[in-house]
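Novice: give the three-dimensional model of this entry:
(chains A and B)
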There are 2 protein chains.
Amino acid sequence: MANGGPEIEQLILLLARLPGLGPRSARRAVLQLIKKKEQLMIPLSAALDRAVQAVTVCEVCGNVDTRSPCHICADPRRDSGLLIVVEDVADLWALERAGVGAVKYHVLGGVLSPLDGVGPDDLSIDALLRRAPEFSEIVLAVNATVEGQTTAHYITDRLAPSGVKITRLAHGVPVGGELDYLDEGTLSQALKARTAI
Amino acid sequence: MANGGPEIEQLILLLARLPGLGPRSARRAVLQLIKKKEQLMIPLSAALDRAVQAVTVCEVCGNVDTRSPCHICADPRRDSGLLIVVEDVADLWALERAGVGAVKYHVLGGVLSPLDGVGPDDLSIDALLRRAPEFSEIVLAVNATVEGQTTAHYITDRLAPSGVKITRLAHGVPVGGELDYLDEGTLSQALKARTAI
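Specialist: Here you go, the predicted model:
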C-alpha cells in the first residue's frame, strides 16, 4: 500500500487499464487528479457517473450515444441514401470528424478473424442485410488489412442478391503524404487510379 | 456533436486533460470504457467517487492519503530518525516503491523558481523547519535540476541553525546504465565518489 490507501491504489489500477495508459502514467494521472480535485477530479467523477447512466448502443447502427436510435439514425436530413459500413465506433467518429456529409452508418463490431474465433455471427451482418434495401449505395469502409478485406469480400457476397450498389474507399496517396515514404502497394494503386487534373 | 451526445463529449474533454492523454487517446479511452462498461466504466466511476470522498493531503508531510496524518506519518515503526525531503508526492511514491526503509517524508510541493514566481513561501519550508528537530538526519532528495539544487541550497541554509545532519542523494551511474550514454557531469561525479570493491 505504497501509494496512500486502497482507494488511490484502486483508481491507479483501473486507469492503467485504459488504452494509452500504463501503471506509471496512471500514477501520474491520479496525482494530477488529486492535485486538481476541484477542476478535474470532481468533474470527471460526475461526467463518468452521467455517462454510465446515459450511454447506450444504438439498436439500428451500433453507434454509441445517449439514445437509441442514435442522433445519426434519427436525423431526417441524413437522406442521401448512402450507408457507410465501418468496423468500429472509432471509425464512425473519424468519418464524422472528416465531415463526410449526410450519410448513415453501420457498425460491424469487428472483422472476420477465424484465428481469433470471430465468425459472421459475431458481427452485425444480418442487421446490415436487413437495412440494405433502404439505401441506394453501401460503402464498405473497413480497414485496408487482410481481415478487413476478407470481411469486405464476405459482405459483398452476402449483399449481392439485394442488388444494392456496393463500393469501397479509394486507395491512394494520403493528403500531405510524401511518395518516398509510401509502400509499393499504395503507390501502385494510386497510379492505377490516377485522375485528370 | 460528432461523438454521440454531450455526456460522451464531456468525458473525452476531461480525460484529455490527464497527463499522457491527448484528444485522440482520450477518445480511444472513452470507447474502451463504453465497450467494457461493466468491467471498467462502472468500477472506475465508483473508484473515482470513493477517491473524491476519501483522498486528503496529510497535514504533517504533504503526502496524499485517505487520512491525515497519513499512514506513513502515523506508522510508529518508521522511527529511524531519517527524514527524506522530496519535491512532489510522485517522488515519495517512487522512493516507497524502491523500498528505502523505515523513513519519513516531507513533500515540498515544488521547487524554488523565481521565473515562475515560486518563492520560499509557496513551498512547505516553514513546516519542514518545525519538523526538523524530531529527526537525526534530513536527506534532500530533490531532483538534480538547477531549480532542485537551488532549493536544496536554500533549505540547507535555513536548516543550518537547527544543527541537524543534512545529506543529499549520491550522484553516479544508474544501475543497469551504460557509461557511453551518460553525460560528462554524471561520469565525473561518479569517478569522484568511487568506492572500494
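
Novice: can we go C-alpha only for contacts and neighbour counts from here?
Specialist: Fine.

Novice: tell me where the model's unsure across chain A.
Specialist: Applying pLDDT under 70 to chain A flags residues A:1-4.

Novice: domains of it?
Specialist: Following automatic domain parsing, one finds the domains of chain A at A:6-54, A:78-168.

Novice: just name the most buried of those.
Specialist: domain A:6-54 (a mean of 19; mean count of other Cα atoms under 10 Å in any protein chain shown).

Novice: is that domain anywhere near chain B?
Specialist: Yes: interface with chain B: domain A:6-54 contributes A:7-8, A:10-11, A:14-15, A:18-21, A:25, A:27-29, A:31-34, A:37, A:40-45, A:47-52, A:54 (Cα under 8 Å from any Cα of the partner chain).

Novice: the residues you listed in helices, which ones?
Specialist: Judged by DSSP state H, the residues of domain A:6-54 next to chain B include A:7-8, A:10-11, A:14-15, A:25, A:27-29, A:31-34, A:42-45, A:47-52, A:54 as members of helices.

Novice: quick one, helices of chain A?
Specialist: A:6-15, A:23-35, A:42-54, A:89-97, A:125-131, A:146-159, A:184-192.

Novice: one step back: need the domains of chain A in a markdown table (columns: distance to A:Leu187).
Specialist: A markdown table is the format used below for the domains of chain A (distance: least, Cα to Cα, whole Å):
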| stretch | distance to A:Leu187 |
| --- | --- |
| domain A:6-54 | 31 |
| domain A:78-168 | 14 |
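
Novice: nearest to B:Thr167, out of those domains?
Specialist: Proximity to B:Thr167 (Cα to Cα) singles out domain A:6-54 among those, at 27.3 Å.

Novice: what distance separates that closest one from the centre of its chain?
Specialist: 24 Å (Cα atoms, centre = their mean, to the nearest Å).

Novice: for that domain, how far is the first residue from the last?
Specialist: With Cα to Cα, to the nearest Å applied, domain A:6-54 spans 28 Å between its terminal residues.

Novice: list the contacts for A:Val107?
Specialist: A:Val107 makes contacts with A:Cys61, A:Gly62, A:Asn63, A:Val85, A:Val86, A:Glu87, A:Asp88, A:Val89, A:Leu92, A:Ser124, as judged by Cα atoms under 8 Å, 6 or more residues apart in numbering or on different chains.

Novice: my read: the fifth one touches A:Tyr105, true?
Specialist: Yes: contact criterion Cα atoms under 8 Å: A:Val86 and A:Tyr105 qualify, at 7.2 Å.

Novice: spatially nearest residue to A:Val30 (excluding sequence neighbours)?
Specialist: Excluding the flanking residues, the one nearest A:Val30 by Cα to Cα, 6 or more residues apart in numbering or on different chains is A:Ile12, at 6.4 Å.
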